[in-house]
Structures are given as structure tokens and as C-alpha cells.
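Chemist: Here is the input, now give the coordinates:
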Amino acid sequence: MLEFGAPTLIELKSTEDTAKLCKELGLKFIELNMSFPQYQPEAMDLDALEKIKKDYGIYYTIHIDESLDPCNVNKGIAEVYTDTMLKTIDIAKRLHIPTLNMHLLRGIYVTLPDRRTYVYAENEELYLESFRIFRDKVTEAIGDADIKVCMENIDGGWMPFMLHGLDLLLESPAFAMTFDIGHDHAADNKDKPEIMKRADRLRHMHMHDALGKKVHRALGDGEMNLPEYIALAKEHNCRVVVETKTVEALRTSVKWLKAHGEM
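Modeler: The predicted structure is shown next:
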């Protein structure tokens, strides 16, 4: 049986509120989102998080801040981002967190008369060297801990320089992949072929329904073939975040999962 978890929901003001909802709905974990102020490394009360974990019988994954970019061309900024990741790995070790979800970013683009080009694409050697440094520091920090940094697809499909960076990261056993199925659907399934080429490294899934370009809908409230993705998650033993944005949509999604025998 798959293990489903809750995202960080802006309606719920504390981790304990989310844990209560998880227990009520039968969800197994919470994905703590570091884009929120209460989940910055310096703001987390690890003793309190440990107590919540034990009291409610749940565990955590972490969604790394969506702006975290260790390839930033400003080396000082890149170092701060990398340091944030290393601090997060320390937290993951303390709380036995198995998954750190991280976006693979395109970076800044320039619009030319005939096309859009990306700074990283035009400076790919520097981009890849930054990722190589980041990969090696993360790998050393994780060591033999049971932690994976899972790289997530974002809207619009992989670009060649992004795939080169992804493959460089996947040279390390510390890295794996997240499949966000709703965002892929909204991008006309441009991400899926490259994910499936690397499906042996798939460990995490963000599951939400979609209707055209409208994403983060409750499961069953869209047009996606959800059973196909559930089967894929089972095949690769993924953890699955039911990535809705409201409590109501999360409740509706859990009802759908239970009605389909998945919880």
C-alpha cells in the first residue's frame, strides 16, 4: 500500500494542526514547505516537531524553498543556498526525514527578437560546475543516512541544459527524482518522457488533478488518468504528497483515494 502525505497548507497555522488532520484522514506524513517562514532552519523547533511526530504517528518530508538555486551566478548567493541545504540535511538527520524535494530551476532568461534564451544555457559549463560542487557537498553531508534529494519537474518541460544538470546530480546516490504529475499535464506531458527514461531513480510524487492548465485540483476533479500514475508510484515505491492547496480539496482527494481502494 502506498503512503500518502499532506502538503503544508496555508489555512493551517501550525504543524500540529496539520498532524491532527493527517491522523483524521489516515495520511502518513507532512511535507514541510521551506518557502513558509515557520520552516526556515533557524525557525524550526526540532524538539516540538519530534514530539508532534511521536504524538500523531506521522513523519515528515521537506519541500526545499522553491527559490533555492545553487547555480546562481552570484557565488555568494549560491553559497548561501548551498549552506541552507546543508543545514536542512542536518535537520533531516535529526528528525529521520527520508525525502528532501527540490525544484530544478531554469534560472533567468533573455528575450531576443527571435527567441528566448536562458543565461544557464549560454553558460552551461559554469552551470554544471556549480551543480557538481553542490552535488558533492550534499553527498558528503548525507553520507550513509537514508535521505534522498529528489529533483522535481516544473512547468514547461526540461531544457537540454537542465537535463545535463539532472544527470550530473543523479550520478550521486544521494539524489533521486520527484514526478509532479499535475504540472506535467499542464505542460502537455513534456516532462514525462524524460522522467520515464530515468524511472529507476523515481522515489517521490506530487499528485494533484488538473483540468487543462488548471492544476492543484482535488483528485477526481480533473481530467487526468490518476490510476495510471498511482500504478507508476506503486511500481517505484514512491511516497505520494496529495498536493492540493486547501483543506477541503485534501479531504475530497482522500475520499477519492479511499473510494478507489488506495487507502
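Chemist: Against the centre of the chain, work out the most remote residue.
Modeler: For the chain, the largest distance from the centre (Cα atoms, centre = their mean) belongs to Pro113, which lies 34.7 Å off.
Chemist: gap between Lys53 and Leu250?
Modeler: From Lys53 across to Leu250, the span is 19 Å (Cβ to Cβ, to the nearest Å). The C-beta positions use only the backbone N, C-alpha and C, and glycine is treated the same way.
Chemist: Looking at those two, which one has more neighbours?
Modeler: A count of neighbours by other Cβ atoms under 10 Å puts Leu250 above the other of Lys53 and Leu250, at 26 against 19.
Chemist: for that one, phi and psi?
Modeler: Taking degrees, to the nearest 10, you get phi -70, psi -40 for the backbone angles of Leu250.
Chemist: re earlier: how much space between the residue farthest from the centre of the chain and Glu79?
Modeler: 36 Å.
Chemist: Show me which residues of the longest helix seen in the chain are buried.
Modeler: As assigned by DSSP state H, the longest helix anywhere in the chain is helix 75-95. For helix 75-95, the neighbour count (16 or more other Cβ atoms under 10 Å) marks 78, 81-82, 84-86, 88-89, 91-92, 95 as buried.
Chemist: Output the contacting helices and strands for that helix.
Modeler: helix 46-56, strand 59-63, strand 99-103, helix 124-142 (3 or more Cβ pairs under 8 Å, 6 or more residues apart in numbering; DSSP states H and E).
Chemist: what's in contact with it?
Modeler: 34, 41, 44, 46, 49-50, 53, 59-60, 62, 64-65, 68-72, 97-98, 100, 102, 130, 133-134, 137-138, 141-142, 145, 147, 149 (Cβ atoms under 8 Å, 6 or more residues apart in numbering).
Chemist: go on, stretch 4-16?
Modeler: By Cβ under 8 Å, 6+ apart, stretch 4-16 touches 18, 21-22, 25, 27-33, 36, 38-39, 48-49, 52, 56, 61, 63, 239-247, 250, 254, 257, 262-263.
Chemist: likewise stretch 231-238?
Modeler: Residues outside stretch 231-238 that contact it (Cβ under 8 Å, 6+ apart): 2, 179, 199-200, 202-205, 207, 240.
Chemist: Give the full set of residues in contact with the residue most central in space within the chain.
Modeler: With distances taken as Cα atoms, centre = their mean, Asn101 lies nearest the centre of the chain, 3.2 Å away. By Cβ under 8 Å, 6+ apart, the residues touching Asn101 are 31, 61-64, 150, 152, 178, 204, 206, 241.
Chemist: Check Asp167 too.
Modeler: Arg198.
Chemist: Measure how the longest helix of the chain sits relative to strand 59-63, angle-wise.
Modeler: 170 degrees (axes from the mean of the first three to the mean of the last three Cα atoms, to 10 degrees).
Chemist: Turn the buried residues of helix 75-95 into a markdown table, including distance to Glu171.
Modeler: As requested, the buried residues of helix 75-95 are arranged in a markdown table below (distance: Cβ to Cβ, whole Å):
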| residue | distance to Glu171 |
| --- | --- |
| Ala78 | 20 |
| Tyr81 | 20 |
| Thr82 | 18 |
| Thr84 | 22 |
| Met85 | 17 |
| Leu86 | 19 |
| Thr88 | 21 |
| Ile89 | 18 |
| Ile91 | 25 |
| Ala92 | 21 |
| Leu95 | 27 |
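Chemist: gap between Ile142 and Ile89?
Modeler: 6 Å.
Chemist: same thing with Leu12?
Modeler: Leu12 sits 26 Å away from Ile89, going by Cβ to Cβ.
Chemist: do the same with Tyr229
Modeler: Distance from Tyr229 to Ile89, by Cβ to Cβ: 29 Å.
Chemist: Kindly report the same for Asn72.
Modeler: 19 Å.
Chemist: Kindly report the same for Glu31.
Modeler: Distance, Glu31 to Ile89, using Cβ to Cβ: 16 Å.
Chemist: Equivalent analysis for Glu66, please.
Modeler: 18 Å.
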